[in-house]
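Student: would you be able to build a 3D model of this:
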Amino acid sequence: MAALAAALTLNAALGRVYAEATGRHAVLVIDANTGRVLYERSADELRIPASLVKLMTLYVIFEMIETGQLTYKTRISFSANAVGAAPSKLDVAEGTEIELIDAIKALITKSANDVAVAVAEHISGSEERFAQLLTRKARHLGMSHTQFRNASGLPDDDQVTTARDMVTLALRLQDDFPAHYPLFATRTFTWGGDTFRNHNTLLFNYPGLDGMKTGYTRASGFNLVASVRRGQKHVIAAYFGGTTAALRNAAVRVHLDAALLKASEAKTRRPAALRIAQVKAAPASADVPAPQPAARPPVRAGVEILRVRPVSATPAPAPVPPAPAAPPVKRAAPPAILPKAAVSGAFHVQIGAFQSQGEAERRLASVRQQAGSLLAARAPFTTEVKLGEKVLYRARYGGFDAQASAAVVCDALKRLSIECLVMKAE
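Tutor: Alright, predicted model coming up:
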C-alpha cells in the first residue's frame, strides 16, 4: 500500500509538472541496469542540446587519454578565437594555458565555452573540424538523430539531438570510461584563484546523484542529463526544455523518484564493447549527413537502450520485459602481488594498512574484484612499515604517473564504499 500511495503521489506530481508543458519538452528515463524505458515523452523528437554538447566533447577527450594521445597534464592554450567565446567561460587572456584535467573540470562544473573551443582547436585545429569529429563519433555510438556544429553548445540552428541519443551517450560515458566518469560528480572547481560551483545543483541535494551535465540557451530551455545510484539501482534521465532551472530540477526529481520505485536491482544490460581507435580530426571537406527527424534510431546490438521497444508516454508505462540476462562473468584470478621495486608510477592508491601481509594481500584481491576495470591496469603490492614496536603492511595499487589520475580512481573507489588514500611513491 505504501508503494502504491507513493506511486500515485508521484504520478500526480508529474501531471502538475506537464500541465503547462511547452513544445520544447522531451524526456527519457531508463533503468541503466536493464535498459528498460521507465518513462518517455517526445524522446525521439529533435531538440537543441545547448551545453549537453560538452558530454560528447568529454567523450572524445577521455577516448584520446585512453589511447595515449592526451594526458591529464597536457597543456591547452587559449587562442583569440577561444577567449572570444560567449559566456559562460573562464574569461582568460589569449595565450593562457590550462592543464587538461583542469579543462575537464571547467567543462563539467562551469560549462566553460572558452575551454571547449580551446580543447577543440587543440585536438582538431579548428572548432568546425572538431564538430565534424563529434558527429562522426555520435554516429559510431548509435546517436543517429544527433548533429554537432560546435564543441560548446552555443546557439546554432543545425545543432540538434534527442533525449534518446543523450541517454545513449550517458551510458557510453559510464560504460566506456569508468576511471574518468567520477569527474562528473565534481561539485566545485578552483582555478586561477577562483572557485566555481557545479551548475548541476542536484549534486548538492539529491541523494545518490553522480552526474552528469546541464545545458541552457534561450531556444533550448533548461536541459539536464542526470544519473543516480541508490543501493543496487541505477537510473538515467535526459530532460529538455524546462522554463527555469528550478522547474527543470523539480521535474527531474519527480522523474527520478518515480523511476527508482520501478528500477531493478539486478544488472542484465550488457555494456557495448568499446573499440578504441586513434582519434583523428575530420578533413575540412568532410560532410556528415544531417539527422532525419522522422525515423527512430536503428538497432545496435551493443547499446541496450536502443533495443527497447517504445512505450506510451504515460507516468506509469506498461511493464517491459528486461533484456535477457548476461552469461555469468568469471571472476578474475587474484592479482599477483608484486615486490615494491617492480611497481612503476610516481603515485599510489593505498586501500589500507594491516597487521599481516596475508590480510593486506586478501584486501587487494577483494578490492580488485569489487572495482573491476578501475584497477585492471594497476599493479598491486604491499609494503612493510614500522611504527615504533608495531609492524603494518600497507596495501597499495601503483602505476599512476600523475596525482590527478590516482585521485580520480580513489574517488571512484570511495563511491563503491572502498576507503583509500593517494600517496606519493617513496
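Student: what segments of the protein are helices?
Tutor: Listed in chain order, the helices of the chain (DSSP state H) span residues 2-17, 53-66, 80-83, 100-109, 113-124, 127-141, 163-176, 202-205, 245-262, 357-371, 403-415.
Student: average pLDDT for the fifth one?
Tutor: Taken as a whole, helix 113-124 has an average pLDDT of 98.
Student: and that helix, C-alpha only, in PDB?
Tutor: Written as PDB, here are the backbone C-alpha positions of helix 113-124 (Å, rounded to 0.1, in the frame of the first residue of the first chain):
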ATOM      1  CA  ASN A 113      32.700  27.700 -23.500                       C
ATOM      2  CA  ASP A 114      36.100  29.200 -24.000                       C
ATOM      3  CA  VAL A 115      37.600  26.000 -22.600                       C
ATOM      4  CA  ALA A 116      35.500  23.900 -25.100                       C
ATOM      5  CA  VAL A 117      36.800  26.000 -28.000                       C
ATOM      6  CA  ALA A 118      40.400  25.700 -26.800                       C
ATOM      7  CA  VAL A 119      40.200  21.900 -26.500                       C
ATOM      8  CA  ALA A 120      38.500  21.600 -29.900                       C
ATOM      9  CA  GLU A 121      41.300  23.600 -31.600                       C
ATOM     10  CA  HIS A 122      44.000  21.600 -29.700                       C
ATOM     11  CA  ILE A 123      42.600  18.300 -31.000                       C
ATOM     12  CA  SER A 124      41.400  19.200 -34.500                       C
END
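Student: what helices or strands is that helix leaning on?
Tutor: helix 53-66, strand 75-77, helix 80-83, helix 100-109, helix 127-141 (3 or more C-beta pairs under 8 Å, 6 or more residues apart in numbering; DSSP states H and E). C-beta here means a position set from N, CA and C on the backbone, and glycine is covered the same way.
Student: who wins for proximity to Ala272 among the helices of the chain?
Tutor: Among these, helix 163-176 comes nearest to Ala272, with 6.2 Å by C-beta to C-beta.
Student: please name every helix or strand in contact with that closest one.
Tutor: Using 3+ C-beta pairs under 8 Å, 6+ apart: helix 163-176 touches strand 26-31, helix 53-66, helix 127-141, strand 221-230, strand 233-242.
Student: can you list the ones you listed in CSV and add mean neighbour count and mean pLDDT?
Tutor: Rendered in CSV, the data for the helices and strands packed on helix 163-176 read as follows (neighbours: other C-beta atoms under 10 Å; pLDDT from 0 to 100):
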stretch, mean neighbour count, mean pLDDT
strand 26-31, 26, 97
helix 53-66, 23, 96
helix 127-141, 21, 96
strand 221-230, 23, 97
strand 233-242, 26, 97
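Student: relative to Ile104, which of these is closest?
Tutor: helix 53-66 (6.4 Å).
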